[in-house]
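> Fold the following, please.
(one chain, ligands or ions: 1)
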Amino acid sequence: MKIFLDTANLKDIKQAQDMGILDGVTTNPTLISKEQKSFKELVKEICAIVKGPVSAEVVGKTAGEMVKEAEGLVKIAKNIVVKIPMTAEGLKTANSLSSRGIKTNVTLCFSALQAILAAKAGATYMSVFVGRLDDAGHVGMDVVRQIKQIYLNYKFSTEIIVASIRHPLHVVETALSGADIATIPYAVFEKMFKHPLTEDGIEIFLKDWAKVKG
Ligand code: E4P
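Predicted coordinates for the structure are as follows:
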């Protein structure tokens, strides 16, 4: 399973990059709005830190508008992935961009049906939002498991990004499901490497080390 960070915060991205575990980054308009920088400047800086794919989202409503935005985005850096909403116009955009070799991430997917369409349109990545599904009274991970089985049945090459991750168990379940990627908020990422028994263990070892002579 690849680990992406779901953030536009440069400090957090750099931290994960320095640990050598960062496979990519996903952003969205909400995450961009939290940072005090212009969109293009920020995305350029993220792309300079991360070697892997960096998703940047278009905001146009028609395929024409989205394609135009995408053409501007791909000029920013080689590792840009154009993030496109799961609409009829978005699918047209994904189809047009993928036929030109531009990488796409069809986002805001909440069902297996939408995931089938994203794959058939040629999306490089398809993002399914588990947390928001859970919030709406569904079992988000059940949808992920359905999509994984369908993609296996038909050998779709579209990679599954499990997004809207809210807690560490979502990460464990993503790995168990066989989905390709978990895109993780930094607060959840930090919980992955912390464990009270590890901290207790370090404290005990240090205390005992202090008794060692010479
Ligand atoms: C990822 O691509 C999404 O933009 C993100 O995971 C959404 O997460 P949220 O539901 O916590 O806003």
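
> Going by C-alpha atoms from here, please, whenever you check contacts or count neighbours.
OK.

> Can you measure across stretch 149-158, start residue to end residue?
13 Å (C-alpha to C-alpha, to the nearest Å).

> Revised request: answer the last question for stretch 192-201.
So stretch 192-201: terminal residues 17 Å apart, C-alpha to C-alpha.

> And the strands in this protein?
2-6, 24-26, 54-57, 80-85, 104-109, 125-129, 159-163, 181-184 (DSSP state E).

> ok, K148 to T174 distance?
K148 is 10 Å from T174, by C-alpha to C-alpha.

> What of C47?
25 Å.

> Looking at those two, which one has more neighbours?
T174 (25 against 20; other C-alpha atoms under 10 Å).

> I'd say that one and G140 touch.
No. The pair T174 / G140 is not scored as a contact, 10.4 Å apart, by C-alpha atoms under 8 Å.

> which bits of this structure sit near the ligand?
Within the chain, the residues that sit near the ligand (C-alpha under 6 Å from any ligand atom) are D6, T26, T27, N28, G131, R132, A163, S164.

> Let's see that with 5 Å instead.
The interface of the chain toward the ligand, taken as C-alpha under 5 Å from any ligand atom, is made up of N28, A163, S164.

> got a markdown table for the residues you listed, with neighbour count and pLDDT too?
Below are the residues of the chain next to the ligand laid out as a markdown table (neighbours: other C-alpha atoms under 10 Å; pLDDT from 0 to 100):
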| residue | neighbour count | pLDDT |
| --- | --- | --- |
| N28 | 17 | 97 |
| A163 | 28 | 98 |
| S164 | 22 | 98 |
